[in-house]
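**Student:** sharing a sequence plus its predicted fold:
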Amino acid sequence: ALVAVSASSSFYDGTALIPGQDPGDNVNLVDAQSVTLNINRTIASLVVNGNFKPSIANTTLTVANGITINSTGLIIPNSGTATGCTLVLGGDFTNNGTFTYLSLSGGATLAVTFNGSVNQNINGSSAITFGTLNISNTGGAIVNAGKNINVVNTLNVSANSIFSIGSGFIVNNAAAQGTIIGNGTVDVTRTALTASFDSQYKFSTYTLANLTVNYTGNGQVLSNHNYGGLTISGSITGASNTASVGKTLNVTGTFTPSGGTITMTGTGWGITNSGTLSFSSLTIAGTPSTEPSLSFPINGVLTVNSSTTFAPSGGTITMNTGSSISNSGTLTFYNLTNNNSSNTGLSNGDISVSNQLNFSAGTIITGSNKVIILNPGIAITGAGTGTYINGNLQMNLANGSSSTKFEIGDVNAYAPVTLNITGVSGTVNILGATITGNDPNENTPVTNSSGIDQNAKCDHYWTLTKSGGGTFTSYNSTFDFTNTTNGGTTSNYV
């Protein structure tokens, strides 16, 4: 029913039904009268041409559809007795008049909650300042602000709810204030000037640990926060894109920053990608309960912090030119591709590969660390002159007989060695390395005690060191000195 209210009254006077009692009523305050809310009420819609003043503490007016405040309309909480009142909307909020969340005296406040199951809009020709704005919409519906709005106290986005604002508009345009919290999703749509979360949502306090922020525009800039979830459905490609993520980093658009570091924290994080993803630098600061399975390149530093495990269950991580690895925890690649023409340096600890190690450019420089190939019988691919392990390589051997090539060298040359071994039983791991210079034992106990002609030999020596409690029957090794500096006639070497 359409109910016109033109005299001072209440929606409910405690004793009798009056206009607006039926939840299906469309209530129109037709002139400048004061209509108060004395008890929780539900109506279909509300048009305000006069004064609407909630007056009893903690009362709620639920409007199944929308509220429109026309040019002569005013919504304001009554005196201090009206604190804690709430408007709950299932439709749009349009303000062409005056909306005031705070009473003129007594400090009474009026919160607004959007809980529709279809898209809802905040618009109108007049300014809108909310005290507390709750976003509780359902079913994938979006609450969209089509104008600048202010939120003085709290913007709270509930789980499974979505809040968005037009690309040309800002929350708290004049100055930062209030707090943003919640478990839902906030869209960043801004593409002009500084196209970042902070430039579109200006709050004094950002409590984002359970909130997902979705960057939807093209050419945006990542604001440096501790996000719960982070979704990139637009594009972020520039430098200085640094942030922490405690839940899911989900890329459906393009995330290829040229600078900055993404840090994955806690145990609930994950990475998903159905768009285009690469990292400048990536830090793993927490062990996930479920390891990711996807492929992506690293263009900067891959860091695994101490007491942290990063062991992808699938996919390929590619170390591109300019990248390096710092592992103070446990780092096990599924597939690792080295595509670093400036060579990939390891620091702070060993790394492992559970499936495939492939070279397409550059070496991996281990220093005092080592690369461990966990899967027996898996050959390293793409190795050769300029693409090999510069340092220490451990190969874990299969039981029985096998032939294993150690794709090793040092700063001076690629000098692999092939180990043929029989009768392996139990755990047998072999660490291989090659070094420029004389074998230390060659001059022990006296100079040149080996009797080798120092002018007719290879200038490298090799070491193969066993670990593990297993056993083997026999072995022989073939050393490749094609690329080393050699004296004498190499066909005469023994």
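**Tutor:** Nice, I can see it.

**Student:** could you use CA atoms for every contact and neighbour count after this?
**Tutor:** Noted.

**Student:** shaky segments in the stretch 51-200 of the chain?
**Tutor:** Scanning the stretch 51-200 of the chain for pLDDT under 70 picks out 56, 80-82.

**Student:** name the nearest residue to Tyr266, sequence neighbours excluded.
**Tutor:** Wrong residue type there; residue 266 is Gly, not Tyr. Gly286 (4.5 Å; CA to CA, 6 or more residues apart in numbering).

**Student:** is it true that that neighbour touches Thr309?
**Tutor:** Yes. Judged on CA atoms under 8 Å, Gly286 makes contact with Thr309 at a distance of 7.3 Å.

**Student:** helices of the stretch 151-300 of the chain, residue ranges please.
**Tutor:** Assigned by DSSP state H, counting those that start in this stretch, the helices in the stretch 151-300 of the chain fall at 197-200.

**Student:** Leu133 versus the closest residue to Ser126 other than its chain neighbours, what's the distance?
**Tutor:** In this structure, Ser126 finds its nearest non-sequential neighbour in Asn96, 4.9 Å apart by CA to CA, 6+ apart. Asn96 sits 19 Å away from Leu133, going by CA to CA, to the nearest Å.

**Student:** so for the two, which sits in the more crowded spot?
**Tutor:** Neighbours around Asn96 and Leu133, counted as other CA atoms under 10 Å, are more numerous at Leu133. The numbers are 23 against 20.

**Student:** for the more buried one, list each beta-bridge partner.
**Tutor:** Val112, Leu155 (DSSP bridges).

**Student:** surely it meets Leu155?
**Tutor:** Yes. Assessed by CA under 8 Å, Leu133 is found in contact with Leu155 at 4.9 Å.

**Student:** got the contact list for stretch 313-328?
**Tutor:** Residues outside stretch 313-328 that contact it (CA atoms under 8 Å, 6 or more residues apart in numbering): 291-308, 333-351.

**Student:** kindly report the same for stretch 430-445.
**Tutor:** Contacts for stretch 430-445 (CA under 8 Å, 6+ apart): 391-397, 406, 408-410, 412, 415, 448-450, 459-467.

**Student:** what's the answer for stretch 375-386, then?
**Tutor:** By CA under 8 Å, 6+ apart, stretch 375-386 touches 353-363, 395-398, 402, 404-405, 407, 413-414, 483.

**Student:** apply 7 Å and report the result again.
**Tutor:** 354-360, 362-363, 396-398, 407, 414 (CA atoms under 7 Å, 6 or more residues apart in numbering).

**Student:** in the stretch 351-494 of the chain, what residue spans correspond to strands?
**Tutor:** 351-361, 364-373, 389-396, 400-406, 408-409, 417-424, 429-436, 460-467, 474-479 (DSSP state E, counting those that start in this stretch).

**Student:** need those strands in JSON lines (columns: mean pLDDT and mean neighbour count).
**Tutor:** Shown next, in JSON lines, are the strands of the stretch 351-494 of the chain (pLDDT from 0 to 100; neighbours: other CA atoms under 10 Å):
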{"stretch": "strand 351-361", "mean pLDDT": "98", "mean neighbour count": "21"}
{"stretch": "strand 364-373", "mean pLDDT": "98", "mean neighbour count": "22"}
{"stretch": "strand 389-396", "mean pLDDT": "98", "mean neighbour count": "25"}
{"stretch": "strand 400-406", "mean pLDDT": "96", "mean neighbour count": "19"}
{"stretch": "strand 408-409", "mean pLDDT": "98", "mean neighbour count": "30"}
{"stretch": "strand 417-424", "mean pLDDT": "97", "mean neighbour count": "18"}
{"stretch": "strand 429-436", "mean pLDDT": "97", "mean neighbour count": "21"}
{"stretch": "strand 460-467", "mean pLDDT": "96", "mean neighbour count": "16"}
{"stretch": "strand 474-479", "mean pLDDT": "96", "mean neighbour count": "12"}
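
**Student:** make a markdown table out of those and add distance to Gly124.
**Tutor:** Shown next, in a markdown table, are these (distance: least, CA to CA, whole Å):
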| stretch | distance to Gly124 |
| --- | --- |
| strand 351-361 | 59 |
| strand 364-373 | 61 |
| strand 389-396 | 66 |
| strand 400-406 | 71 |
| strand 408-409 | 70 |
| strand 417-424 | 76 |
| strand 429-436 | 72 |
| strand 460-467 | 75 |
| strand 474-479 | 80 |
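
**Student:** hang on, isn't Ser352 packed against Phe333?
**Tutor:** Yes. With contacts counted by CA atoms under 7 Å, Ser352 reaches Phe333, the gap being 6.1 Å.

**Student:** which residues are common contacts for those two?
**Tutor:** Common neighbours of Ser352 and Phe333 (CA under 7 Å, 6+ apart) do not exist.

**Student:** tell me who's in contact with the residue nearest to Ser126.
**Tutor:** 69-71, 124-126.

**Student:** and the end-to-end length of stretch 218-227?
**Tutor:** Counting by CA to CA, the terminal residues of stretch 218-227 are separated by 20 Å.

**Student:** show me what that stretch is in contact with.
**Tutor:** Residues outside stretch 218-227 that contact it (CA under 7 Å, 6+ apart) are 191, 195-198, 208-209, 211-212, 234-237, 241-246.

**Student:** buried ones among these?
**Tutor:** Among these, those buried by neighbour count (16 or more other CA atoms under 10 Å) are 191, 195-198, 208-209, 211-212, 234-237, 241-246.

**Student:** would you check how far apart Ala361 and Thr290 are?
**Tutor:** For Ala361, the distance to Thr290 equals 31 Å [CA to CA].

**Student:** what do you get for Ile232?
**Tutor:** Relative to Thr290, Ile232 is positioned 21 Å away (CA to CA).

**Student:** which one of those two is surrounded by more residues?
**Tutor:** Ile232 (27 against 13).

**Student:** need the per-residue pLDDT for that one.
**Tutor:** With respect to pLDDT, Ile232 has a value of 98.

**Student:** pull out the buried positions in stretch 175-193.
**Tutor:** By neighbour count with 16+ other CA under 10 Å, stretch 175-193 contains the buried residues 176-191.

**Student:** could you do stretch 307-327 as well?
**Tutor:** For stretch 307-327, by 16+ other CA under 10 Å, it's 308-327.

**Student:** run the chain-centre distance for that stretch.
**Tutor:** 16 Å (CA atoms, centre = their mean, to the nearest Å).

**Student:** now do the same end-to-end measure for that stretch.
**Tutor:** Start-to-end, stretch 307-327 (CA to CA) is 10 Å.

**Student:** show me what contacts Ser158?
**Tutor:** By CA under 7 Å, 6+ apart, the contact list for Ser158 reads 135-136, 182-184.

**Student:** nope, Thr478 is what I meant
**Tutor:** Residues counted as contacts of Thr478 (CA under 7 Å, 6+ apart) are 417-419.

**Student:** likewise Thr471?
**Tutor:** Counting by CA under 7 Å, 6+ apart, Thr471 touches 424-426, 428.

**Student:** distance check, it against Ser401.
**Tutor:** 12 Å.

**Student:** and what of Ser281?
**Tutor:** In terms of CA to CA, Ser281 sits 42 Å off from Ser401.

**Student:** for Leu249, which residues make a bridge with it?
**Tutor:** The partner residues for Leu249, given DSSP bridges, come to Leu230, Ile271.
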